[in-house]
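Chemist: predicted structure and sequence below. I'll ask about it afterward.
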Amino acid sequence: MTATGLRPAVIVHGALDATRPDERDTLQQVEEIAAALQRLGHEVEIVALGLDMSPLARVPRSALVFNMVEALLGDGRLLHLPAAVMEHYGLTFTGSPSLALALTTDKVATKRALAACGLAVPETIEAGSPTRKGERYIVKPLAEDASFGLDAGSVVAAEDVAGEIARRAKRFGGRWFAERFIDGREINVSIIEDGDGLPKVLPPAEIEFVGYAPERPRIVDYEAKWLEDSHAYANTPRRFIHRQAEADLIGELEHACTLAWRTLGLAGYARVDFRVDAAGKCYILEANANPCLARDAGFAAAVAEAGLEYDDAIRLIAAAAERRAAAQK
């Protein structure tokens, strides 16, 4: 323990290529979380991981590990591995356990689990599966996040799905699938574990699509997320939904988030992404077990909208890890 009585903190991440925008984003998060932990009284060490997990064997058992691994060697399919190794060594680490990380990394498996408990998800199509004539579909990578591989051409007609899945797989690698495109509102809902160990649903944020041409799909693609000089980046602002004006919608989102949290075995913090169609039906697109914690990102914005400080959120995430570790002894 440190002089303050707090565990020393070790931030573990997998960002090794600072030329990639998503990995630069991870490094920014690491810096900001380190500063917050230091303000809270922790001594902080930072460890970068590749495929070699041996640095985790050297982490003191007395440490609090802040798990910021979003990929290993740029491969999001591997993000659950460090958590599994940390579980093997009995380390106290933040965020969801390895099983939840592995499940939510597979978008199709996630949808199956959510649908099984009665939550609405878009119909999914894998390579070789039949599509519904007249529908539009969006082609996505199975295991990557951060809008990797998404652009205006990702939304295609039913007859073009198989070809587009094959083209994206050849271009980007990995497995790809399609889901029915829900033409409607895009809403992100962040969740944090409160002091009693319960999921607290933070204010829902809607992504607006300003000045988009009628033929351009309203999606948060790679351009909107990362290319700062693009039209999409500048014209996809976030706004928080007014609770009194849309109380029924917020109630449905909160119910879906709480059920998804429990179904998927999430812990610490998470984000659930929705599309809401013209009839007001909420569809879960995906659950992100380790959303971006940068101060300028959506999670931190939702924390602020809820009346919490950024350091409060880091403290709650750390406390959730401590609770889980204590319960497992």
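Modeler: In hand now; what should we look at?

Chemist: let me see the contact set for Pro291.
Modeler: By C-beta atoms under 8 Å, 6 or more residues apart in numbering, the contact list for Pro291 reads 190, 269-271, 297-299. C-betas here are computed from N, CA, C, even on glycine.

Chemist: from Gly128, how far off is it?
Modeler: In this view, Pro291 and Gly128 are 32 Å apart by C-beta to C-beta, to the nearest Å.

Chemist: now do the closest residue to Ala278 other than its chain neighbours against Pro122, distance only.
Modeler: Nearest non-adjacent residue to Ala278, counting by C-beta to C-beta, 6 or more residues apart in numbering: Gly184, 6.0 Å away. Gly184 sits 11 Å away from Pro122 when distances are taken as C-beta to C-beta.

Chemist: hey, what's in contact with both of the two?
Modeler: With C-beta under 8 Å, 6+ apart as the test, Gly184 and Pro122 both reach Arg275.

Chemist: beta partners for the residue nearest to the spatial centre of the chain?
Modeler: The chain has Asn288 as the residue nearest its centroid, 2.7 Å off, counting by C-alpha atoms, centre = their mean. Beta bridges link Asn288 to Arg271, judged by DSSP bridges.

Chemist: before we move on, the earlier item: contacts only, for the residue nearest to Ala278.
Modeler: Gly184 touches 275-278, counting by C-beta under 8 Å, 6+ apart.

Chemist: farthest pair within the contacts of Pro291?
Modeler: Ala270 and Ala297 (13.7 Å; C-beta to C-beta).

Chemist: neighbour count for the two, which is higher?
Modeler: Ala270 (26 against 18; other C-beta atoms under 10 Å).

Chemist: and the pLDDT at that one?
Modeler: For Ala270, the pLDDT comes out at 98.

Chemist: so which strand or helix has the residue nearest to it when sequence neighbours are not counted?
Modeler: Leaving aside its chain neighbours, Ala270 sits nearest to Ile191 (5.0 Å; criterion: C-beta to C-beta, 6+ apart). Ile191 is part of strand 185-193 when elements are defined by DSSP states H and E.

Chemist: and for Leu308?
Modeler: Applying DSSP H and E, one finds Leu308 in no helix or strand.

Chemist: residue contacts, the closest residue in space to Glu43 that isn't next to it in sequence?
Modeler: Nearest residue to Glu43 in three dimensions, chain neighbours excluded: Pro8, at 4.5 Å (C-beta to C-beta, 6+ apart). Taking C-beta under 8 Å, 6+ apart, we find Pro8 in contact with 1-2, 42-45, 60, 62-64.

Chemist: where does the protein have low pLDDT?
Modeler: The model of the chain has pLDDT under 70 over residues 1-4, 146.

Chemist: 80 instead?
Modeler: 1-5, 15-23, 145-148, 329 (pLDDT under 80).

Chemist: tell me where it has helices.
Modeler: 21-39, 54-57, 80-89, 98-105, 107-116, 161-172, 222-226, 231-234, 247-264, 298-305, 310-327 (DSSP state H).

Chemist: and these: which comes nearest Val155?
Modeler: helix 161-172 (9.3 Å).

Chemist: show me what the closest one is packed up against.
Modeler: strand 136-141, strand 176-180 (3 or more C-beta pairs under 8 Å, 6 or more residues apart in numbering; DSSP states H and E).

Chemist: can I get those in a markdown table including distance to Met86 and mean neighbour count?
Modeler: A markdown table is the format used below for the helices and strands packed on helix 161-172 (distance: least, C-beta to C-beta, whole Å; neighbours: other C-beta atoms under 10 Å):
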| stretch | distance to Met86 | mean neighbour count |
| --- | --- | --- |
| strand 136-141 | 26 | 23 |
| strand 176-180 | 30 | 23 |
